[in-house]
Every structure is written in C-alpha cells, then in structure tokens.
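*Asks:* what's the 3D shape of this:
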Amino acid sequence: MKPCWAHYLLWLVIALAGTGAILSGCGQEGGLYLPEQPAQPDPPAPQEQPAVQNPPAAQDEPDKN
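*Replies:* Predicted coordinates:
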C-alpha cells in the first residue's frame with residue numbers, strides 16, 4: 001500500500017508544530033524569576049490623639065501638723 005499525499009501532509013504538520021513549540025521556548029535565557037510585585041502604598045499614619053491630663057491625685061492621708 002502506497003501512502004497518499006495526506007499522510008505526508010499530516011507528518012509535515014506534526015513536524016512544523018513540534019518545531020514551533022520547541023523554538024517558542026528559546027526567548028528567555030537564564031533562571032526563572034518571579035515578576036516584581038507592585039509597590040504597596042504606605043499604611044496610613046496614626047492620628048495623634050489629644051493628651052489626656054489626669055486630675056491631681058487626691059490626698060488619702062490627712063495633713064499631720
């Protein structure tokens with residue numbers, strides 16, 4: 001049985017697809033890398049709260065004169 005032209009065409013398509021797949025990986029040289037992550041915005045600054053003034057301490061002991 002003699003192979004027909006479709007048989008040759010099938011092998012040609014397979015060979016071209018395989019060659020294209022192999023050559024598509026030739027772009028980047030070197031090790032793998034992770035893409036840089038976008039810079040994260042600074043956390044909001046804490047708002048200053050007014051200082052609470054404590055009332056003067058009450059004297060627990062009576063004056064000894």
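*Asks:* where does pLDDT dip in this protein?
*Replies:* 1, 27-30, 50-52, 54-65 (pLDDT under 70).
*Asks:* quick one: the helices in it?
*Replies:* 5-23 (DSSP state H).
*Asks:* just the strands in it please.
*Replies:* For the chain, strands defined by DSSP state E do not occur.
*Asks:* and Leu34, how far from Gln53?
*Replies:* 53 Å (C-beta to C-beta, to the nearest Å). Yep, even glycine has a C-beta here, placed from its N, CA and C like the rest.
*Asks:* how about Cys4?
*Replies:* Cys4 is 100 Å from Gln53, by C-beta to C-beta.
*Asks:* repeat for Gly18
*Replies:* 81 Å.
*Asks:* and the two? Which one has more around it.
*Replies:* Gly18 (10 against 6; other C-beta atoms under 10 Å).
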